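Q: pasting the sequence and the predicted coordinates here, then a few questions.
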Amino acid sequence: MQAIYKALVLLVIACPCALVISTPVTVVSALAAAARRGILIKGGTYLEDARNLRVIALDKTGTITEGKPKLVVWEALQGNRDAIAQLASGLASRSDHPVSQAIAQGLTAEPLAFENFEALPGRGVRGRREATTYVLGNHRWIEERGQCSPAIEVLLKQHEQSGRTVTLLADGAGVLALFAVADTIKPSSRAAVAELLAMGVTPVMLTGDNQATAEAIAREAGIEQVRGNLLPQDKLMAITEMQTRYGPSAMTGDGINDAPALAKADIEIG
C-alpha cells in the first residue's frame, strides 16, 4: 500500500511537468513537419487556432485551379484582326494577372506600347494610345461601361458555361474583341475539399471570375457554396459575413484581389 501511495505521489508531481513540456514540443514538431513539406507557418498560435475553424474561403485561380490558364480562342468583333491582336498583346503583356499573361503568351502579334497604363483590381487594365483609351477587362467591367450588347452576352454565356474566363478588349466606341482563357483544376483539389468536408469545415469559393465559370470549376472540385464576380471589397465583406455566421474563418489566396480578405480572416493562407 505504501508503494502504491508513493507511486501516485510521483505521478501527481511528474504529470504537470510532462504536460507543460509536451505542448511546446508538439508545436515545434508540427512546425518542423510542415516546413519539410514546404509549408511555412508563422507561429504555433495559428496551429492551435486552426482547430476552431468551421469554414475556409478559397480563391479560384492558383488555389483550386493550376493558376496556369491558356488562351483557348479569341475573336475579333470589329476592326482589323492583326491590329487588334497587337493592341491586346500590348495591354496584356503589361499586367501580371494570370489571365492577362495567358492572353499575352497566346497572341503572336508584336505588342504595341501604351501610355498611362493602369491596372484596376477586380476589373482589368487600361492604357492610352494615339489619343484613344483602350481597356482589357472582365465581363463585369464591360457591363459597367455599358458596352455589353445582347449579341456579346450570348457569346460570353457560351464560353462561361464551359468554364472559360472571358476578357474583352474595348475602346470608347465599343467592344473590339473577345478572349477566352481556360484553366485546369489541380489534381489534388477534389481530394482536399473532401477532406475539409470530412473534418466539418465548409469550403466556400470566392472569386472575381464570372459566376458561371466559378460554378463550373466548383462542381468539378466538389464545392457547393460559390460566389463570383467579386471585387476585393466584396471578398472582404464575404469574410466578415462568414465570421458572423460560422465563427473563426480562414482564407486562402495569392492575388492582390485577395489581400483585404486575407488580412481580415482569422487565419490567412497564401
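A: Sure, I can see it.
Q: sec struct for E268, please.
A: strand (DSSP: H, G, I helix; E, B strand; the rest coil).
Q: okay but it is in contact with M251, surely?
A: Yes - here E268 reaches M251: they are 5.6 Å apart, a contact under CB atoms under 8 Å. Placement of C-beta: from N, CA and C, glycine included.
Q: which neighbours do those two share?
A: Contact criterion CB atoms under 8 Å, 6 or more residues apart in numbering; residues shared by E268 and M251: L262.
Q: ranges for the helices of the stretch 151-270 of the chain?
A: 189-198, 211-221, 232-246, 259-264 (DSSP state H, counting those that start in this stretch).
Q: could I get those helices as TSV with mean pLDDT, distance to G174 and mean neighbour count?
A: Below are the helices of the stretch 151-270 of the chain laid out as TSV (pLDDT from 0 to 100; distance: least, CB to CB, whole Å; neighbours: other CB atoms under 10 Å):
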stretch	mean pLDDT	distance to G174	mean neighbour count
helix 189-198	94	38	15
helix 211-221	89	23	20
helix 232-246	93	27	17
helix 259-264	89	33	19
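Q: turn those helices into TSV, including distance to G106.
A: Output for the helices of the stretch 151-270 of the chain, formatted as TSV (distance: least, CB to CB, whole Å):
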stretch	distance to G106
helix 189-198	24
helix 211-221	18
helix 232-246	26
helix 259-264	28
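Q: of all those, which one is nearest A131?
A: Closest to A131 of those, according to CB to CB: helix 232-246, at 31.1 Å.
Q: which helices and strands does the closest one pack with?
A: strand 55-58, strand 202-206, strand 249-252, helix 259-264 (3 or more CB pairs under 8 Å, 6 or more residues apart in numbering; DSSP states H and E).
Q: what does that helix contact?
A: Residues contacting helix 232-246 (CB under 8 Å, 6+ apart): 54-55, 57, 121-122, 202, 204, 206, 208, 227, 230, 249, 251, 256-261, 264-266.
Q: show me how far that helix is from its chain's centre.
A: Centroid displacement of helix 232-246 relative to its chain, using CA atoms, centre = their mean, to the nearest Å, is 15 Å.
Q: kindly report the same for stretch 26-46.
A: Distance, centroid of stretch 26-46 to centroid of chain: 24 Å (CA atoms, centre = their mean).
Q: mean confidence (pLDDT) on it, please.
A: Averaged over stretch 26-46, pLDDT sits at 77.
Q: number of residues surrounding the closest residue in space to Q211 that isn't next to it in sequence?
A: Distances taken as CB to CB, 6 or more residues apart in numbering place G228 nearest to Q211, at 3.7 Å, with adjacent residues excluded. Residues lying near G228 (other CB atoms under 10 Å) number 22.
Q: quick check: G228 touching N210?
A: Yes - contact criterion CB under 8 Å: G228 and N210 qualify, at 5.6 Å.
Q: could you report the neighbour count for E153?
A: E153: 12 neighbours (other CB under 10 Å).
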